[in-house]
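> Just the structure for this:
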Amino acid sequence: MGNPHALLEVDDIDAAPLATIGQFLGRHPVFPLGCNVGFAQVVDDGTIRLRVLERGAGETLACGSGACAAVAILRRSQRVATRVNVFLPGGLLVIEWHGPGGPVRMKGPAEYVFQGSISDE
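The predicted structure is shown next:
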C-alpha cells in the first residue's frame with residue numbers, strides 16, 4: 001500500500017478500541033515509524049465497516065490505503081470476497097482484489113474539502 005498498516009477485526013465497529021489498542025499498536029516498536037491501524041467489522045463477505053487511525057493524524061473519515069489493506073488482509077484469510085463494499089465514517093469505497101500478484105483496485109468519490117495558502121511572513 002506504500003505505508004504500513006495493522007488491522008484488527010472487531011465484532012462491533014462502534015465499540016472499537018481506537019483510543020487504547022489503536023494508539024498502542026500504532027506506536028508499537030515493531031513499527032519503528034508508526035503505522036496506520038484499522039478496525040474492521042465484517043458484515044458479510046462483500047461488506048465491511050472500517051475505522052482507521054492514521055499515523056500522525058488520528059482517526060480519519062476515509063483512508064483509501066487502509067481500505068485496500070483491510071480487504072487484502074481479510075481476503076488472504078478468506079473472510080471476504082474479491083469485491084468488497086467498505087463503509088468508512090466518510091462514505092463508501094469499493095475495493096477489488098483477486099489475490100497475490102494482482103492489482104488492488106479502489107473506486108469511490110473524491111471531494112474538494114480545503115483550500116489554503118502558506119506565506120513566508
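> Doesn't Asp11 lie inside a strand?
No - secondary structure assignment (DSSP: H, G, I helix; E, B strand; the rest coil) places Asp11 in coil, not in a strand.
> Tell me the bridge partners for the nearest residue to it once chain neighbours are set aside.
Nearest-residue entry for Asp11: Gln41, 6.8 Å, with adjacent residues in sequence omitted and distances by CB to CB, 6 or more residues apart in numbering. All C-beta atoms are positioned from the backbone trio N, CA, C, and that covers glycine. Beta bridges link Gln41 to Arg49, judged by DSSP bridges.
> The protein: helices as residue ranges?
23-26, 64-76 (DSSP state H).
> wait, which of the ones you listed is closest to Ala110?
With distances scored as CB to CB, the stretch of the helices of the chain nearest to Ala110 is helix 64-76 (9.7 Å).
> list the buried ones in the closest one?
Gly64, Ser65, Gly66, Ala67, Cys68, Ala69, Ala70, Val71, Ala72, Ile73, Leu74, Arg75 (16 or more other CB atoms under 10 Å).
> And for stretch 94-101?
Taking 16+ other CB under 10 Å as the basis for neighbour counts, the residues of stretch 94-101 that come out buried are Ile95, Glu96, Trp97.
> Run through who's touching that stretch.
With contacts defined as CB atoms under 8 Å, 6 or more residues apart in numbering, stretch 94-101 is touched by 67-68, 70-72, 75-76, 82-86, 103-108.
> can you check stretch 26-33 too?
Outside of stretch 26-33, the residues within contact range by CB under 8 Å, 6+ apart are Pro4, Ala6, Leu25, Gly34, Cys35, Asn36, Val37, Leu53, Arg55.
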